[in-house]
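1. here's a sequence, model it:
(chains A and B)
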Number of protein chains: 2
Amino acid sequence: MVPVVETEGIHIIVEASGCDADVISDPKKIERIFKDAARHAKMTVKASYFFKFMPAGVSGAVIVAESHISIHTWPEFGYAALDVYTCGDSDPEKAVDYILEKIGAKHAHVSEVKRGIREEEGTYTHTILTWEEEF
Amino acid sequence: MVPVVETEGIHIIVEASGCDADVISDPKKIERIFKDAARHAKMTVKASYFFKFMPAGVSGAVIVAESHISIHTWPEFGYAALDVYTCGDSDPEKAVDYILEKIGAKHAHVSEVKRGIREEEGTYTHTILTWEEEF
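-> Just a heads-up that it's a prediction; the model follows:
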């Protein structure tokens, strides 16, 4: 029997402000946080890659089965652009909450994109819900 | 002199329908298309990772300096979830157009998220514009 893989997924897009510059300038710390977040959210990590870019930022991603977590940071502004995209039974909000706490975010502008929604005519679409959070 | 790195970036989120199942089920083809797309759009590839998942899909990403391109495909439904996020002088729309053509997409539901916009109070936000395309 061929398993049916659900196309629907949740993609959470976050602009995180007021983050801890020491944490978001350190690729090793970010990688540790991402792997722990993936485990908390029941995602299976397939690969990860993180690097520093000038003058101080970190860029990287964890590829999990059918989805990914990525970050691009600007420690000089306390700003991080975070994406958590998951399909299936994993819990993207749990991963987002964990990461935002660990990077010390004080404010988040969040859009939750529900992806892979099948329309009547057979095409796929997404819907978006946006909110703000203070910590 | 420390270079100033602009926080603003363009993140294009696409639900692509009617895609060529032969192409979107092949990690090697997707990787080739992504690397060519990155070159067309003047992005510098830092790392890439692609793999097949059950029953036929491909999942993967190219990490480019300060940004990324990622895809998750469901060949059995002709559906691909594509993300192109870029900062700086690269041209994300060029990369998206190139990829959609190469994977044979017939329809795209697109949201362009302008990320890393600094607000007066020092927090960061994003704006979203959504449209449909037929090919």
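2. okay, CA-based contacts and neighbour counts for the rest of this
-> Fine.
3. what angle do strand B:45-53 and whichever strand or helix holds residue A:49 make with each other?
-> Using DSSP states H and E, residue A:49 maps to strand A:45-53. Here strand A:45-53 runs at an angle of 170 degrees relative to strand B:45-53 (axes from the mean of the first three to the mean of the last three Cα atoms, to 10 degrees).
4. how far does strand A:45-53 sit from its chain's centre?
-> 13 Å (Cα atoms, centre = their mean, to the nearest Å).
5. ok, stretch A:86-102 next?
-> 7 Å.
6. gap between the longest helix along chain A and the chain center?
-> In chain A, with assignment by DSSP state H, the single longest helix is helix A:27-40. From the chain centre to the centre of helix A:27-40 is a distance of 11 Å (Cα atoms, centre = their mean).
7. just give the closest residue to the residue most central in space within chain A, not the sequence neighbours.
-> Central residue of chain A (Cα atoms, centre = their mean): residue A:84, 2.4 Å from the mean position. The shortest distance from residue A:84 to any non-neighbouring residue, by Cα to Cα, 6 or more residues apart in numbering or on different chains, is to residue A:69 (4.4 Å).
8. so who does the one you found touch?
-> With contacts defined as Cα atoms under 8 Å, 6 or more residues apart in numbering or on different chains, residue A:69 is in contact with A:34, A:61, A:62, A:63, A:82, A:83, A:84, A:85.
9. after the host helix or strand of it, which helix or strand is next?
-> Assignment of secondary structure by DSSP H and E places residue A:69 within strand A:67-74. For strand A:67-74, the succeeding helix or strand toward the C-terminus, using DSSP H and E, is strand A:79-87.
10. picking that back up, so among the contacts of residue A:69, where is pLDDT lowest?
-> The lowest pLDDT within those belongs to residue A:63, with 88.
11. state the distance from that residue to residue B:129.
-> Separation of residue A:63 from residue B:129 (Cα to Cα, to the nearest Å) stands at 27 Å.
12. which one's more surrounded, these two?
-> residue A:63 (26 against 10; other Cα atoms under 10 Å in any protein chain shown).
13. can you tell me the element that one falls in?
-> Going by DSSP H and E, residue A:63 is part of strand A:57-64.
14. that strand near chain B anywhere?
-> Yes. Using Cα under 8 Å from any Cα of the partner chain, strand A:57-64 reaches chain B at A:58, A:59, A:60, A:61, A:63.
15. so what does that strand touch, helix or strand wise?
-> Packing partners of strand A:57-64 (3 or more Cα pairs under 8 Å, 6 or more residues apart in numbering or on different chains; DSSP states H and E): helix A:27-40, strand A:45-53, strand A:67-74, strand B:57-64.
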